[in-house]
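K.L.:
Take a look and give me a structure for this.
(chains A and B)
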Amino acid sequence: AQKITQTQPGMFVQEKEAVTLDCTYDTSDPSYGLFWYKQPSSGEMIFLIYQGSYDQQNATEGRYSLNFQKARKSANLVISASQLGDSAMYFCAMREPPSNKLTFGGGTRVLVKP
Amino acid sequence: AAGVIQSPRHLIKEKRETATLKCYPIPRHDTVYWYQQGPGQDPQFLISFYEKMQSDKGSIPDRFSAQQFSDYHSELNMSSLELGDSALYFCASSPGTSGKYNEQFFGPGTRLTVL
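P.N.:
As a prediction, this is how the structure comes out:
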């Protein structure tokens, strides 16, 4: 079975600074996909970024980038130039075959301070 | 762009009652997933459907059942509700392999409170 671990339950970050959210995973499947979702206090789940196991380059989407270290089985999310609206819960998730259901980590709550 | 629609958004029920949650996926998405997120927890996979057939099953209680209809909308039926069923229930849809990342798009969720 696949497993996702997020070791940081919560963290503060100063506005305009960068923050790194840790995610480690465990899987025996050579083909896998990793996702990051943002969940604001309103509750919706917002897709941020994706990294495939065979992708040669680290994924980037605007202010979000993924530090993918395959050998270490880590896929850390980097948010650059933090904004107050980035305050939310962030979940790392892995796609699991055959249905591609998502297995989530425990989440990291980020609070951006002005 | 059209998003996943879930109804109702909020639902309050008594113990031992039944509840039906509805999900309308994004047009042309052929796969629907249901997740349950308890207070302060991460979402847990319940069940999924592909082309109206059940494709996978997670930790879904026997009191729950679900199906996907010919128009691809899905319903999650919950009977003999318990206090522990209070949670945020997400439906997500996916375009499958035709999507860029085979990603799942989540609906806004149905917040179920069992009293």
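
K.L.:
Could you pull up phi and psi at residue 83?
P.N.:
Since no chain was named, I'll use chain A. With angles defined as degrees, to the nearest 10, residue A:83 sits at phi -120, psi 160.

K.L.:
please go with chain B instead
P.N.:
Torsion angles, degrees, to the nearest 10, at residue B:83: phi -60, psi -40.

K.L.:
Closest residue of chain B to chain A?
P.N.:
residue B:56 (3.4 Å; Cβ to the nearest Cβ). For the C-beta atoms, the positions are set from N, CA and C on the backbone; glycine is no exception.

K.L.:
Show me the shaky parts of the chain.
P.N.:
Looking at chain A here, since you left the chain open. Applying pLDDT under 70 to chain A flags the ranges A:1.

K.L.:
Can you look at chain B instead?
P.N.:
B:97-101.

K.L.:
how about the strands in it?
P.N.:
Counting by DSSP state E, one finds strands in chain B at the ranges B:5-7, B:10-13, B:19-24, B:31-37, B:44-50, B:53-57, B:64-68, B:74-78, B:87-94, B:105-106, B:110-114.

K.L.:
beta partners for the most centrally placed residue in chain B?
P.N.:
With distances taken as Cα atoms, centre = their mean, residue B:34 lies nearest the centre of chain B, 3.2 Å away. Residue B:34 has these beta-bridge partners by DSSP bridges: residue B:47, residue B:91.

K.L.:
Contact partners for it?
P.N.:
Residue B:34 is in contact with B:23, B:45-48, B:60, B:66, B:74, B:76, B:89-92, counting by Cβ atoms under 8 Å, 6 or more residues apart in numbering or on different chains.

K.L.:
try residue B:50
P.N.:
Applying Cβ under 8 Å, 6+ apart, the residues near residue B:50 are A:99, B:30, B:31, B:96.

K.L.:
Could you do residue A:105 as well?
P.N.:
Counting by Cβ under 8 Å, 6+ apart, the residues that residue A:105 touches are A:4, A:5, A:6, A:23, A:91, A:92, A:93, B:42.
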